[in-house]
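Colleague: sequence and computational prediction follow.
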Amino acid sequence: MNSFHLFFEIGSCFDYLPFLTRLFRALKAKKPYPLTQILVEAYNNAVVHAHHRNKNRWIGIDILFTPKMGRIRVSDSGKGLKSRKKSRSGLWGTRGRGMQLIEAYADRISHRHRNGRHIFEAIRYL
């Protein structure tokens, strides 16, 4: 598998989930499931929590994939995550399973704000 870098924006609605669930397999990534799970959960979080299912918003997807690691960035116009030191899923205060699944598959997670956008990043070493 060669390295690749993809950036695209898609609407904030669940209609795009079939495309996202097949992306890493279509790119012939080895062991596509963990990266797919991270991408889908981060996208779901943006749709539900950041945009409150407002289909008029856009979500940025930025994927860097090399033979040694996969980096997934999901950007939205929401407020972002609230860090809490004590929660069921570790450092992130969450209600559902999304962040717990991302934490299970990612080796490193971070988030920041830039130019009015919340940027969530997860890295998985392969």
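Modeller: That came through fine.
Colleague: going forward, measure contacts between C-alpha atoms and count neighbours the same way
Modeller: Noted.
Colleague: quick one: contacts for the residue positioned nearest the centre of the chain?
Modeller: What sits nearest the mean C-alpha location of the chain, by Cα atoms, centre = their mean, is A42, with 3.1 Å. Residues near A42 by Cα atoms under 8 Å, 6 or more residues apart in numbering: 74, 98-99, 102, 120.
Colleague: filter those residues down to the ones in strands?
Modeller: In strands, judged by DSSP state E, the following of the contacts of A42 are found: 74, 120.
Colleague: can you redo the contacts of A42 as a markdown table with distance to H5?
Modeller: Converted to a markdown table, those look like this (distance: Cα to Cα, whole Å):
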| residue | distance to H5 |
| --- | --- |
| V74 | 14 |
| G98 | 24 |
| M99 | 24 |
| I102 | 21 |
| F120 | 17 |
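Colleague: separation between the closest residue to T66 other than its chain neighbours and S12?
Modeller: Among residues not flanking T66 along the chain, S3 sits closest, at 4.2 Å (Cα to Cα, 6 or more residues apart in numbering). According to Cα to Cα, to the nearest Å, S3 and S12 sit 27 Å apart.
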